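Undergrad: Predicted structure and sequence below. I'll ask about it afterward.
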Amino acid sequence: AFLFLSFPPISPLRSAFVGCGGLPTSTFNLIAAMEEPIDRIVSDNYPSLEEMMETKSLEKYLLPEKVSDTAESADRRLQSLGTLNSFVGEWIQEHYKNKRNTEPVFELKAKILTFGSFRLGVNTASGDIDVLICFPECVTRRDFFDAFYKKLSERDDVEELHAAEDAFVPAIKLEFAGIEMDLLMVHFNTDTVKDDLNIADDDILRDLAPECARSLNGPRVTNKILDLCPCEPDNFRVCLRTIKLWAKRRGLVSNSLGLFGGVHMAMLVCKVCQLYPNATASVLVFKFFKTFASWDWRNPVRLCHVDDQHFPGLSQWDEMRNPRDMNQCMKILTPMYPSQNASYNVGISTVFQIKRELQRGASIVTSIMEKGEGRKEIPWSRLWKAPPFFNQYSHYLVVTALASSEDNLVNYEGLVESTIRMLMSELEHAGIVAYIIPIPMSFRRRSEKKSDEEHTLEDGKHHPPEYYWRTFWFLGFIFGDRRRERNGLPAPVSSSATLDIAQHTTTFVERINVKEQKSTHFHPSMHCKVDHITRDALPEWLFTEANQIRKKKKTLAKKLAKVEATTTASSPSSVSLGVGDVNGDANGHTNGDVNVENNDDAENPTKRPTLANGNGQHFLETPDNNPSTPTKGTPNVPGTPSSTTTTPKFKTAPTPKRKKKEEITEIALPFDRTLSSSSKRGNRSSSKKLVLSTSTSPSTSSPSSSHHHHHHRRHSSSASSSSRSHHSSSRKRSHDRRERDRDRDSYRRGKRD
């Protein structure tokens, strides 16, 4: 009672915890976020003329990117949806007769609903359509993945058909009449599906299976987003198209790998529209990055409050009751019951990548919108400029899926890709790995040889990889200690640290094998591999398919030539070369070890650790006697250099013969009277670093090289003469410096007079 009377009023939600003996700060932050009104408006100002002109500029830059659907493509989509609707109606009649052995005595109907980007009006000409098929009770989920799937495979206009039956939201993916589609299903406990089906009513979820409820929530959430968005539809669509283009080009779109999905970006843009309801599209893009670049993702993004209906089998997201919900890395909640975290797949590494890209986007958009006099105009295209994925990291992990035919590979790809996220989660806690960033692109390669024989050998081993269709996924390593971050980057680790990935890759393959046993479309030729590869060993076709240019590394010969060209006029006495430049880099590894480059990369500017793959063999390694023959049982990537090559030998200018210990090196000499005359001003250190050059001949030795000979041969007559000449040259330089000082002082006095 004393607490309530002595202090300002406490909200009911906080007062419930006053007697708990104190709660963590994060809990009170959560309570404060829950109490904050969701429908608050930050600014309802109408756009200015400059902001409207900036929106026109944004639309001009979006036009060549082809982010809008064309009229011809829209007609094809409507025709394909009509064909699918007719096919579903005919199949359900046939299926009822085969299952019940009688004609239906009532009108048997199914209903097709679209959702996702097509329903929001932001689909591209090459985008897919998300379709939900509402079936009556005569069609079960098993019928959908067996009989319906088989009927689809018999059509001539169906390609790329594969089922994701074990996914969190089961679906059939296909290309129907030239249009990519994702087919989901829900079956109601009714004899038929009415045309006036109201899916917005929460009671429609009663007595539904959890898989059906998750599938039905697709169109329910899409319709709710359109209802909750207060902005003009055109401004909402232009903003969402911009964000989707930015996310796709910057490598942030892959829900299965733990990155953004289409529904994530739609809800985030809708949230910005709620905060700035009258803003134009360019301002919405600007506020999107400014808002979420500094967002504390421990607090959920909510579009509205959702009441818990407590239906059996349906659980709603609630971090006060479920600790697992509180520990999720990113929280974007769906606005329909049961409210779930749509970004559940986002992990430690992917949220780091998303934050980094949001901060980069905020910096660019701020420079575009906040123009000033004398500032150079920045184009909008810089926002979605694609990064060099295969030049950013020194080490990559390659996941390879292999199958004997293209159809088998299409079915196998979804099974492998949905498991990569678990491998990433395990590697994130593997010692020196700070983050492992997925590259959200898969690369499919056709088989180089064909065989009419059985696709497995008699001893149970697989054919060599040139007989297989292959799909590759690449993951980039960022080494460091993320618990001690500096300026948003993990603290560096020791260069002698090692990482053994054998245990993690074995667990990953075992997990794949368990899924293979449950899959109804498994073929004995399907198998997967996980290998390590360095950046220098990446094949050339990879850069071609990713529309990227390989970053060429400068050799030591080119560096010496550049230094010689830039120093000819000034004739310096020595050339400064670091030890890392002299040692060079290696393209591969031997016995499981990788020689890590000592250059500046995106993930860590310090020395990088050694990586071991457990079996001591690179997956691109070839025998020495026949470089073109792939190693048995390992995928052969055409156009890839051998990983067993040694450090390249650099050709440099001829140098005088010296002892081995007098090679290019970096030494520290005492800062004595001999060197003091050249650095009297601004240098009071007690030692000086001196780098010896291999291009200096004995006849034209520099003062620094003369001092080196004097240090090692102090009793020789040549060293004495060199020392005397050095003292005389030092006195001459001091005299010239005093003359320059007197001339400068007289010039200043004359100018002042």
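TA: Noted; the coordinates are in hand.
Undergrad: and the gap between the closest residue in space to A177 that isn't next to it in sequence and D318?
TA: Nearest residue to A177, sequence neighbours excluded (CB to CB, 6 or more residues apart in numbering): S80, at 4.0 Å. In this view, the C-beta of every residue, glycine as well, is placed from N, C-alpha and C. Remark: distance between S80 and D318 (CB to CB, to the nearest Å) = 41 Å.
Undergrad: These two: who's more crowded?
TA: Neighbours were counted for S80 and for D318 using other CB atoms under 10 Å; S80 has more, 20 against 11.
Undergrad: give me the element the more buried one is part of.
TA: Applying DSSP states H and E as the criterion places S80 in helix 71-100.
Undergrad: buried ones in that helix?
TA: S73, R76, R77, S80, L81, L84, F87, V88, W91, I92, H95, Y96 (16 or more other CB atoms under 10 Å).
Undergrad: Report the contact partners of W473.
TA: V398, V399, T400, V416, E417, I420, P438, I439, S442 (CB atoms under 8 Å, 6 or more residues apart in numbering).
Undergrad: can you tell me which of those residues lies nearest to T222?
TA: Distance to T222 across these (CB to CB) is lowest for E417, with 24.1 Å.
Undergrad: Contact partners for the closest one?
TA: With CB under 8 Å, 6+ apart, E417 has these contacts: S256, L257, S442, W473.
Undergrad: hang on, the first one packs against V416?
TA: Spelled out, that is S256. No - contact criterion CB atoms under 8 Å: S256 and V416 do not qualify, at 10.1 Å.
Undergrad: The two - which one has more neighbours?
TA: Neighbours were counted for S256 and for V416 using other CB under 10 Å; V416 has more, 23 against 18.
Undergrad: my read: that one touches A401, true?
TA: Yes - assessed by CB under 8 Å, V416 is found in contact with A401 at 4.5 Å.
Undergrad: shared neighbours, these two?
TA: Common neighbours of V416 and A401 (CB under 8 Å, 6+ apart) are T471, C528.
Undergrad: tell me which residues form a beta bridge with D500?
TA: Using DSSP bridges, the beta-bridge partners of D500 come out as A612.
Undergrad: Check the gap between it and S349 for me.
TA: In this view, D500 and S349 are 19 Å apart by CB to CB.
Undergrad: Give me the more crowded residue out of the two.
TA: Neighbours of D500 and S349, each counted by other CB under 10 Å, are more numerous for S349; the result is 28 against 14.
Undergrad: mind checking how far that one is from G476?
TA: 10 Å.
Undergrad: Give me the common contacts of those two.
TA: Shared contacts of S349 and G476, counting by CB under 8 Å, 6+ apart, come down to I436, I437, P438.
Undergrad: Am I right that the first one falls within a strand?
TA: It stands for I436. Yes - under the criterion used here (DSSP: H, G, I helix; E, B strand; the rest coil), I436 sits inside a strand.
Undergrad: if I read this right, it contacts L475, doesn't it?
TA: Yes - the criterion here is CB under 8 Å, and I436 meets it with L475 at 5.2 Å.
Undergrad: Now the common contact residues for the two.
TA: L397, M424.
Undergrad: List the buried residues of the helix or strand containing R444.
TA: Per DSSP H and E, R444 falls inside strand 443-445. Neighbour-count burial for strand 443-445 flags F443, R445 (criterion: 16+ other CB under 10 Å).
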